[in-house]
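> Sequence plus the predicted model coming up.
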2 protein chains.
Amino acid sequence: MMGPRWYGQFRGSGYRVTVPRKAIMDVLSKTSKHLSAEEIYLEVHKVYPNVGLTTVYRTLELLIQMGLVHKFDFGDGRARYELAEGEKREHHHHLICIRCKRVIDYSDFREEELEFLRRAEKKLAEKYDFEIKNHLIRFYGLCDKCRNKK
Amino acid sequence: MMGPRWYGQFRGSGYRVTVPRKAIMDVLSKTSKHLSAEEIYLEVHKVYPNVGLTTVYRTLELLIQMGLVHKFDFGDGRARYELAEGEKREHHHHLICIRCKRVIDYSDFREEELEFLRRAEKKLAEKYDFEIKNHLIRFYGLCDKCRNKK
DNA sequence: TTGATAATGGGAACCGTTTTCAATAAATAA
DNA sequence: TTATTTATTGAAAACGGTTCCCATTATCAA
């Protein structure tokens, strides 16, 4: 039983593939929401009631290190987690409504984004000797519902 | 005694211009660092030892609402504050070293950024009926020191 | 199957931030 | 200037998400 790609990535790094870890990856794989640790815990809890919140935090930390998960802070006092881009998830960024706090994923204008990044990368490497590994683009504003509401 | 521009902005909104508020604005005006609430508190404390940490938090919250201050989360467990762009501060974004966690301000390629934003704005308005008010661009990677260090 | 040890879970600890509330001080009117 | 109104303040307690501790359990290479 080979299992998903990340099994090998885990074992290769000396980490074990455990029930809680599978369950957490499963929850993240099956949603496009921006879940908090507690929400993931509750979801996992439905299937494995004995998995603890501590384990969820530890596992998320590990998944982030392994590059399988991204952690975000949308300003509501708790961290949010998403599966990193891969088979299940495509590269995207966030629109955040400053009024209702709704977070919308978008993956449009990739071309423009790539062009922009290419230039940024070049200039930052030249000027600061900085090597870009990742980037974050976020737009704050008013969503359709909040725009059309007094 | 008119005082700085924000005095009027405050009084006009029914807020009072107080000693702690002046002191906090003063600290923020005189640095280009990304100070935490506690660091601001300590700085204010040097001049006004009786100003409390609670007031610092409350004032920062107010300054953010008034659009005079921006709040950031660089992932070290505490919020960071900067004066919004204006006379003292120019529009900029952050480079974050994923190794030493150093944060570098940069305000380069404004042209490219503006061009990119213009297009993004247009497309997001069309597709999501979303009205952009603000944006965040951030690059994660390795700074010069960490690049050249095994 | 088994042994070495990575991983787990529950509860306590942690710590940045927020709340509470009586005392204080800014702004306005007199 | 002084009085009056009420926004603001400071100290301490409360809050809440996240991390730590440690005895127990489960993974997986041999």
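Perfect, I can see it now. Numbers count the residues shown, from 1 in each chain, chains lettered A, B, ... in the order given.

> can you list the weak-confidence ranges in chain A?
A:1-2, A:150 (pLDDT under 70).

> Please identify the residues of chain A in proximity to chain B?
Contact residues, chain A versus chain B (Cβ under 8 Å from any Cβ of the partner chain): A:71, A:73, A:75, A:95, A:97-98, A:104, A:106, A:108-109, A:112-113, A:115-116, A:119-120, A:123-124, A:127-144, A:147. To be clear about C-beta, it is placed using only N, CA and C from the backbone, and glycine gets the same treatment.

> Filter those residues down to just the ones in helices.
Per DSSP state H, helices hold the following members of the residues of chain A next to chain B: A:112-113, A:115-116, A:119-120, A:123-124, A:127-128, A:144, A:147.

> Could you tell me which of those count as buried?
Neighbour-count burial within those applies to A:112-113, A:116, A:119-120, A:124, A:128; the criterion is 16 or more other Cβ atoms under 10 Å in any protein chain shown.

> State which strand of chain A is the longest.
In chain A, taking DSSP state E as the definition, the longest strand is strand A:131-142.

> Does anything pack onto it? Which helices or strands?
Under the contact criterion of 3 or more Cβ pairs under 8 Å, 6 or more residues apart in numbering or on different chains; DSSP states H and E, strand A:131-142 touches strand A:93-97, helix A:110-128, strand B:131-142.

> Using PDB, write out every CA atom in stretch A:14-26.
Taking only C-alpha atoms (Å, rounded to 0.1, in the frame of the first residue of the first chain), the coordinates of stretch A:14-26 have been written out as PDB:
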ATOM      1  CA  GLY A  14      11.700  10.000   9.100                       C
ATOM      2  CA  TYR A  15       8.100  11.000   9.900                       C
ATOM      3  CA  ARG A  16       5.400   8.400  10.400                       C
ATOM      4  CA  VAL A  17       2.100   8.200   8.600                       C
ATOM      5  CA  THR A  18      -0.400   8.100  11.300                       C
ATOM      6  CA  VAL A  19      -4.200   8.000  11.600                       C
ATOM      7  CA  PRO A  20      -4.500  11.600  12.800                       C
ATOM      8  CA  ARG A  21      -2.200  12.900  10.100                       C
ATOM      9  CA  LYS A  22      -4.200  11.100   7.400                       C
ATOM     10  CA  ALA A  23      -7.400  12.400   8.800                       C
ATOM     11  CA  ILE A  24      -6.200  16.000   8.900                       C
ATOM     12  CA  MET A  25      -4.900  15.800   5.300                       C
ATOM     13  CA  ASP A  26      -8.200  14.300   4.400                       C
END
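
> So what touches it?
For stretch A:14-26, contacts defined as Cβ atoms under 8 Å, 6 or more residues apart in numbering or on different chains pick out A:3-4, A:6-7, A:10-11, A:40, A:44, A:47-48, A:51, A:55-56, A:59-60, A:62-63, A:68, A:83.

> Filter these down to just the buried residues.
A:6-7, A:10, A:40, A:44, A:51, A:55-56, A:59-60, A:62-63, A:68, A:83.

> Identify those among these that sit within strands.
Per DSSP E, strands hold the following members of the buried ones among the contacts of stretch A:14-26: A:Leu83.

> so the residue lying closest to A:Thr55 once chain neighbours are set aside is in which element?
Spatial nearest neighbour of A:Thr55, chain neighbours left out: A:Pro20 (4.9 Å); criterion: Cβ to Cβ, 6 or more residues apart in numbering or on different chains. Using DSSP states H and E, A:Pro20 maps to helix A:19-29.

> can you list the residues of chain A near DNA strand D?
A:10-11, A:16-19, A:36-38, A:53-54, A:57, A:61, A:77-79 (Cβ under 7 Å from any atom of the strand).

> 6 Å instead, please
For chain A, the residues in contact with DNA strand D (Cβ under 6 Å from any atom of the strand) are A:11, A:16-19, A:36-37, A:54, A:57, A:77-79.

> Make sure A:Arg147 is actually in contact with B:Lys133.
No - between A:Arg147 and B:Lys133 no contact is recorded; they are 10.7 Å apart, counting by Cβ atoms under 8 Å.

> wait, isn't A:Val44 in contact with A:Val27?
Yes - counting by Cβ under 8 Å, A:Val27 is a contact partner of A:Val44 at 5.8 Å.

> Phi, psi for the closest residue to A:Leu62 other than its chain neighbours please.
Leaving aside its chain neighbours, A:Leu62 sits nearest to A:Tyr15 (6.8 Å; criterion: Cβ to Cβ, 6+ apart). When read as degrees, to the nearest 10, the backbone of A:Tyr15 gives phi -100, psi 150.

> A:Tyr15 and A:Tyr81: what is the separation?
Applying Cβ to Cβ, to the nearest Å, the value for A:Tyr15 to A:Tyr81 is 18 Å.
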